[in-house]
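A.B. asks: Give me the fold of what follows.
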Amino acid sequence: MFNEFFSQISFVDVFNFCVFVTFSICYTYQIFYVFVVLTKRAPERHAQANHRYAVMISARNESAVIGDLIHSIKVQNYPQELIDVFVIADNCTDNTAEIARLAGASVFTRKNDKEIGKGYALDYGYTCIKERYREKNYDAFFVFDADNVLDVNYFREMNATFDSGAKVSTSYRNSKNYDSNWISAGYAVWFLREAKYLNQARMTLNTSCAISGTGFFISADILEKHGGWKWHLLTEDIEFSAQNILDGVRISYTPTAVLYDEQPITFRDSWNQRFRWAKGFYQVFLRYAGNLVVGIFTNPKGKRFACYDMLMTISPGMLLTIVAVTFNAIILVLGAAGLMSTGIMITSSLSSIFFCIFNYLVFMFVFGALTTFTEWDNMRAAAGKKVFYMFTFPLFMLTYVPIALIALVKKGEWKPISHTISVNVSELSDAHSKKERA
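C.D. replies: Numbering: from 1, shown residues only. The predicted model follows:
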């Protein structure tokens, strides 16, 4: 009986089973993260002292939005004499620099068509600050994108995290334009899910979080140690995270510090941005994966899991899906061409393609729905749109498949994304911070 059963198992079944087991081993722990968030409150922090901060904003042709960000910093519930705002006008051809100065920021103008990207701009800004404002003795440096707007309590909450001993911390990332369309909503749900069900769980479990794009601080001694911002891959934020985790630095998270940023609304902008991210993740994986594997076994106790978590973050998990679908599609093509006559294998391949895509869509829907319901009050949209975008979120995530595939073979480069949505901080509610402290 067993011999007959095993004789019906083809190498296609074995391959698909191995892919399933690999996925399960690598990512099941993120389901545990969900239970951590739903069953445990995030730890509270309270500052004993206020610290001095420098804000670095890399801006390239951001005249439509840069003023809103600077204004939101100027109205913080935090001593203004302890916050200095620096804008790096990076290869601008508009009046971003002028608007930033009028809004109250110090501006460094950068012209460099060889070293292009946010990482290079941040390094230039840091160098300028060290040369011209050394006497300020900043305790930490904040990094924002020009399209961001901050809740009025942002610095107060982040200061509590810094004063508690954190060397690096990211914050709660919300969106200015969740309700623009299914593309912006897809981004918004993903970032909310990342903040709530990844970084909050990591913080609660006392492991390391990961920086995601914008809205974070870095202790001055870290930048001093590295001689500036020395992470210049296409995803400089993930590269920075990987480096610090390898160095034993625990990246923290501040759920009560709320930042709003603008999401792309056209598929072209979305494609360009996510293509850069996919290419950047491959770059980080190639450069840091080996050291992270070593760190899993050699890092000090309590910091090894952070290496594993970061390895899973940068690992091209999407490629497993692509490889599985491609492999089974080849089997189907060979069968259709008459080059393979094993009906069991062809049937197995057909069902595997269907279930692979179906399971991915279901998984993304569950995560999107969970995020939507738990973060309902923080989403700036009508109830009907929130429900509708729960169903478009899996489709948005499915579009990552061709992006990840093309990023394997096509050269990546930094392409600017247009930001045009102006939102004053007074228009944004601080309901999130109130909810967290309730």
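A.B. asks: Ramachandran angles for the residue lying closest to residue 309 once chain neighbours are set aside?
C.D. replies: Distances taken as CB to CB, 6 or more residues apart in numbering put residue 207 closest to residue 309, at 6.5 Å, once the chain neighbours are dropped. Every residue, glycine included, has its C-beta placed from N, CA and C. With angles defined as degrees, to the nearest 10, residue 207 sits at phi -110, psi -170.
A.B. asks: ok, residue 207 touching residue 305?
C.D. replies: Yes. Between residue 207 and residue 305 there is a contact under CB atoms under 8 Å: 5.4 Å.
A.B. asks: more neighbours, these two?
C.D. replies: residue 207 (20 against 17; other CB atoms under 10 Å).
A.B. asks: doesn't residue 22 fall inside a strand?
C.D. replies: No. Counting by DSSP: H, G, I helix; E, B strand; the rest coil, residue 22 falls outside a strand, being helix.
A.B. asks: Measure how buried it is and give me the count.
C.D. replies: 13.
A.B. asks: Also residue 223?
C.D. replies: 22.
A.B. asks: quick revisit: ok, now which ones touch the residue nearest to residue 309?
C.D. replies: 250, 303, 305-306, 309 (CB atoms under 8 Å, 6 or more residues apart in numbering).
A.B. asks: in the host helix or strand of residue 238, what's buried?
C.D. replies: According to DSSP states H and E, residue 238 maps onto helix 236-246. By 16 or more other CB atoms under 10 Å, the buried positions in helix 236-246 come out as 236-246.
A.B. asks: average pLDDT across that helix?
C.D. replies: The pLDDT scores in helix 236-246 average 96.
A.B. asks: could you say what helices and strands it packs with?
C.D. replies: helix 118-132, strand 251-261, helix 267-298, helix 304-314 (3 or more CB pairs under 8 Å, 6 or more residues apart in numbering; DSSP states H and E).
A.B. asks: how about 6 Å then?
C.D. replies: Where contact means 3 or more CB pairs under 6 Å, 6 or more residues apart in numbering; DSSP states H and E, helix 236-246 is packed against helix 267-298, helix 304-314.
A.B. asks: In a markdown table, list those helices along with distance to residue 231 and mean pLDDT.
C.D. replies: Shown next, in a markdown table, are these (distance: least, CB to CB, whole Å; pLDDT from 0 to 100):
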| stretch | distance to residue 231 | mean pLDDT |
| --- | --- | --- |
| helix 267-298 | 9 | 93 |
| helix 304-314 | 13 | 93 |
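A.B. asks: Need the winner for burial among those.
C.D. replies: Mean neighbour count (mean count of other CB atoms under 10 Å) peaks for helix 304-314 among these, with a mean of 21.
A.B. asks: Next, the angle helix 236-246 makes with that one.
C.D. replies: Relative orientation of helix 304-314 versus helix 236-246 (axes from the mean of the first three to the mean of the last three CA atoms, to 10 degrees): 160 degrees.
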